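J.: give me coordinates for this.
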Amino acid sequence: MLVSHANSTLNCPTPTANAKVLNQPLEQANTQVKSADQTTSLSANASVQLQQDTVTLSATALSLSANSSSTTDINTPSTKPELPHNGDKATAYVEYRKAKMQYQIYSDMANIATGSGNSVSPTTAYYLSNNDQARAATVDAKSQQQQVSAMQTYAETTQAINNS
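T.: Now for the predicted structure:
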């Protein structure tokens, strides 16, 4: 549908007879409002200004709007889009990510058990927060490492005292 404003620089065809008929009631209402506006008092220091836009419809646009009764003729897909190769690549990627996370958990758990790692990954932290047995094993391993460290410190301290 072709819609243009009066101040527009678009090249529009001249209005049809229907557009002129539509424009006449607007002009009459505008003159009535102007005359009513002139009779109001200016003591209120408020003025009402109307802005009029002109809309020009071509004969083609009018015929199309008359013929178009509904908007349900939009091309909608009848089926959902499918993943390429029935999702084989996506499934393989999901399996890869699962294996990678599982390896990260095993690696962090081994580092905790041997005492070689002082941090855990977010994946392992999530796993430990949802798995009571793994969390208990981790706490036991850390407490055992703490006891060994305390015993080593005690042995070094007593050996230094005995050698003096």
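
J.: alpha carbons only for contacts and neighbour counts from here, please
T.: Fine.

J.: how about the spatially closest residue to residue 109 that is not a sequence neighbour, what does it touch?
T.: Distances taken as Cα to Cα, 6 or more residues apart in numbering place residue 138 nearest to residue 109, at 7.5 Å, with adjacent residues excluded. With contact set as Cα atoms under 8 Å, 6 or more residues apart in numbering, residue 138 has these partners: 109, 112, 113.

J.: name the element the last one belongs to?
T.: It refers to residue 113. Assigned by DSSP states H and E, residue 113 belongs to helix 88-114.

J.: what's around residue 56, how many residues?
T.: 23 (other Cα atoms under 10 Å).

J.: likewise residue 103?
T.: Counted with other Cα under 10 Å, residues neighbouring residue 103 total 13.

J.: from residue 79, how far out is it?
T.: Residue 103 is 39 Å from residue 79, where distance means Cα to Cα, to the nearest Å.

J.: can you check residue 51 too?
T.: In this view, residue 51 and residue 79 are 49 Å apart by Cα to Cα.

J.: from memory residue 141 sits against residue 112, does it?
T.: Yes: using Cα atoms under 8 Å, residue 141 makes contact with residue 112 at a distance of 7.0 Å.

J.: the more surrounded of those two?
T.: residue 112 (20 against 17).

J.: show me what contacts the more buried one?
T.: Here residue 112 is in contact with 118, 138, 141, 142 (Cα under 8 Å, 6+ apart).

J.: what sits against the first one?
T.: Just to be clear, that refers to residue 118. Neighbouring residues of residue 118 by Cα under 8 Å, 6+ apart: 111, 112.
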